[in-house]
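Student: With the input below, show me the fold.
(chains A and B)
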There are 2 protein chains.
Amino acid sequence: MSGEGFRFSLTARDGRARAGFIDTPHGRILTPCFAPVGTQGAVKTIPAWDLEALGAQLVLANTYHLYLRPGDERIARLGGLHRFMGWNGPILTDSGGFQIFSLQGLREVDDDGVTFRSHLDGSLHRFTPEKAIRIQENLGADLIMCLDECAPPMDYDYNAKALERTHRWAERCRAAHTRRDQALFGIVQGGVFEDLRTWSARFLVSLDFPGYAIGGLSVGEPRTLTYRVLDLMDALLPEEKPRYLMGVGTLVDFVEAVARGVDLFDCVMPTRVARHGTAITRTGRLNLRNAAYAEDLRPIDEQCECLTCRRFSRAYLRHLFNVGEPLAMYLTTLHNLHTMFRFMEEMRQAILEGRFADFRAAVVERQAAFAMDPEPGAES
Amino acid sequence: MSGEGFRFSLTARDGRARAGFIDTPHGRILTPCFAPVGTQGAVKTIPAWDLEALGAQLVLANTYHLYLRPGDERIARLGGLHRFMGWNGPILTDSGGFQIFSLQGLREVDDDGVTFRSHLDGSLHRFTPEKAIRIQENLGADLIMCLDECAPPMDYDYNAKALERTHRWAERCRAAHTRRDQALFGIVQGGVFEDLRTWSARFLVSLDFPGYAIGGLSVGEPRTLTYRVLDLMDALLPEEKPRYLMGVGTLVDFVEAVARGVDLFDCVMPTRVARHGTAITRTGRLNLRNAAYAEDLRPIDEQCECLTCRRFSRAYLRHLFNVGEPLAMYLTTLHNLHTMFRFMEEMRQAILEGRFADFRAAVVERQAAFAMDPEPGAES
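Tutor: Have a look, this model is predicted:
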């Protein structure tokens, strides 16, 4: 179950923040770590060699999408997801649950599994815990996830009912999983409710997974409630297992979650907003489509050392977005990922050097100052 | 006029094929040379560092498009096109004539210039020879072109009338051009008609341009007529000036034109077809969207050493095109450009070593064999 070649170890703690590493059959992940999202087997616009050069340590791929196209069995015949994607570093796959439960009106859940229609062609499909594991075994990622039912975070009754099911499914996923070169994570659910989250954490810990994901957060609930759940998770989840906060997020989210003992993150945000012209910097965001940048010779971020900032001006990027050149999406994605990865590295260093509290305070202060007085063309 | 820091020199001749170099203020261009097209200031999907790594020696940008967006005066204020694009190698701009005369129904030509409506917003604009030169001086490319009137290649009367105008405009462009760090090329027109082409070549040679473009070919006329015009150009244009065949093309076009003394080429084809899923190889084309490649673990071309072929399978590329991932366009463009550049290098080497006739015969034979018996999923 806990996977051959898989090991998590803490190197340092600073308050509740943790720095460590996860060894996987495809290499070591230094934590805290941010995983970019390669939904369909590619981080949008970014070739694998750029991921390597940027220092990506872990890439997420979506089980739901790859199951539909090109098919998990096809990927298995082609030698697995690593070979298919040309990425030989660690990969994480989700279970498909989040995507399926986002298909409003197209799915029907029962205790045994969930039936849904493809968003592509309306064809009928069914996932059970066993099926979600079989698909993820075909894909062959290093870190894989139990199938869970994702409920709206503020609905107590829905969460209580879904949680019962999620726990049964976790047991079945654990029983169905046979590949010893993968680590299967349990996913804690329960919305914003302390009693449900406590129940979920305790139950999953009793199953002794090699790692725990925290699902169902950062989906619209107030941040104060998010942080309260993370505090609770830190108290309930075992220290010696990695904790993965799914679908988060922003630089402030990272420091606040790391301050509460989280080790792993994934989010489409940095790559998605890049394709719409938003560049992320330490101090805020720039909307590169803004006319204010039309003759601005500065790079996106004068402190940034990414390839984009070393060569191209805001004026050029603004022009590329303005005329619809696909290169604009690539150059901005490259910058945003560089910013995310360097941020995680610096946060890790701060933990190793026992100055995480200062690091966190500086991040929160910079973002607050920016929100008060953004640059022309900036988004808060 | 002939430009400071500009020099063309022939290194070797093999039959009528020529190998040489053009020195420009932004570096040396080894000929024969293929220039990829960066219409709006970017070769679509390809960052400048990839152009360098691929060995691009010259990039074309379109005056018409850059005049409209972001505007040539803006580019001048931003330090010129090289700095704007982040590309410090040689750049060639066309005059805008070809684009304007492709705007059917939106333009009116008179002896003084041409009035047209923008394809973007219908706004009214006017190019004169002087204006085309001023715009190109604002952009600051190394090689620039006279404004010409582009006529349908098979229409004698239209070509005769347009040619008279093109010649007057060439005189005016020559008189208007002041930047000594640019080389202004005259453009020979005259459709497929030997008397008109002869008149045009003789007239432009009398103006003593530092280089000659051959326009109005490869726009739908039979290839036998194209080649006849090229034979004529070889006889009429001065040996000691570079010859640039505009808008060509394919590997067979390259060898046939080089066999007739052409030195420079540009074409959108390799980059445009890549974005639609067509990969170019020495032996023909592959349509990467084809289901035949769904489980094909081979690279596009087993002989190719480009980054794409060294890492990714046809199966992966087919998947990326199939699901609409933008990365597919980038990876295929990278491959097609690599193929073009290596082909030009090998052709140059064949000329230097006196074996161009064999090289040409092999290219023609491979393409003919492929047309007879294409691979599954291949396009002829």
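Student: Show me which residues of the lengthiest helix in chain A are buried.
Tutor: Scanning chain A for the helix with the most residues, using DSSP state H, yields helix A:327-352. Buried residues in helix A:327-352, defined by neighbour count with 16 or more other C-beta atoms under 10 Å in any protein chain shown: A:327-345, A:347-348, A:350-351. Glycine gets a C-beta too; all of them are placed from N, C-alpha and C.
Student: Kindly state the pLDDT recorded for the residue nearest to the spatial centre of chain A?
Tutor: Note on chain A: the residue nearest the mean C-alpha position is residue A:266, at 1.2 Å, using C-alpha atoms, centre = their mean. With respect to pLDDT, residue A:266 scores 98.
Student: name the element residue A:29 belongs to?
Tutor: strand A:27-31 (DSSP states H and E).
Student: which helices and strands sit right next to the helix or strand following that strand?
Tutor: Where DSSP H and E defines the elements, the next helix or strand beyond strand A:27-31 is strand A:33-35. Under the contact criterion of 3 or more C-beta pairs under 8 Å, 6 or more residues apart in numbering or on different chains; DSSP states H and E, strand A:33-35 touches strand A:264-266, helix A:327-352.
Student: For the shortest one, name the packing helices and strands.
Tutor: What that stands for is strand A:264-266. strand A:33-35, strand A:243-245, helix A:251-258.
Student: any weak-confidence spans in the stretch 101-250 of chain A?
Tutor: For the stretch 101-250 of chain A, no stretch is flagged by pLDDT under 70.
Student: all strands for it, in order.
Tutor: Using DSSP state E, counting those that start in this stretch, the strands of the stretch 101-250 of chain A run over residues A:107-109, A:114-117, A:124-127, A:143-145, A:183-188, A:212-214, A:243-245.
Student: now the residue of the stretch 101-250 of chain A found nearest chain B: how far from residue B:31?
Tutor: Of all residues in the stretch 101-250 of chain A, the one sitting closest to chain B is residue A:120 (9.2 Å; C-beta to the nearest C-beta). Taking C-beta to C-beta, to the nearest Å as the measure, residue A:120 falls 49 Å from residue B:31.
Student: More neighbours: which of the two?
Tutor: residue B:31 (28 against 10; other C-beta atoms under 10 Å in any protein chain shown).
Student: Do I have it right that that one meets residue B:18?
Tutor: Yes - applying C-beta atoms under 8 Å, one finds residue B:31 in contact with residue B:18, separated by 6.9 Å.
Student: Find residues that contact each of those two.
Tutor: Common neighbours of residue B:31 and residue B:18 (criterion: C-beta atoms under 8 Å, 6 or more residues apart in numbering or on different chains): residue B:263.
Student: just to revisit the earlier point, I'd like the distance between the residue nearest to the centre of chain A and chain B.
Tutor: 18 Å (C-beta to the nearest C-beta, to the nearest Å).
Student: For that residue, give the beta-bridge partners.
Tutor: Note on residue A:266: beta-bridge partners by DSSP bridges are residue A:35, residue A:248.
Student: Thought residue A:247 was touching it, still the case?
Tutor: Yes - if you go by C-beta under 8 Å, residue A:266 and residue A:247 touch, sitting 6.7 Å apart.
Student: Report how many residues lie close to residue A:261.
Tutor: Residue A:261: 20 neighbours (other C-beta under 10 Å).
Student: and what of the one 3 residues further on?
Tutor: Applying other C-beta under 10 Å, we find 28 residues neighbouring residue A:264.
Student: State the helix or strand in which the residue of chain A positioned farthest from its centre lies.
Tutor: In chain A, the residue that sits farthest from the middle, by C-alpha atoms, centre = their mean, is residue A:295; the gap is 35.6 Å. Following DSSP H and E, one finds residue A:295 outside all helices and strands.
Student: That one and residue B:76 touch, don't they?
Tutor: No - Residue A:295 lies out of contact with residue B:76 (C-beta under 8 Å); the separation is 10.8 Å.
Student: Near chain B, which residues of the stretch 1-150 of chain A are found?
Tutor: Within the stretch 1-150 of chain A, the positions adjacent to chain B are A:40-42, A:44-49, A:65, A:69-70, A:74, A:77-79, A:84-86 by C-beta under 8 Å from any C-beta of the partner chain.
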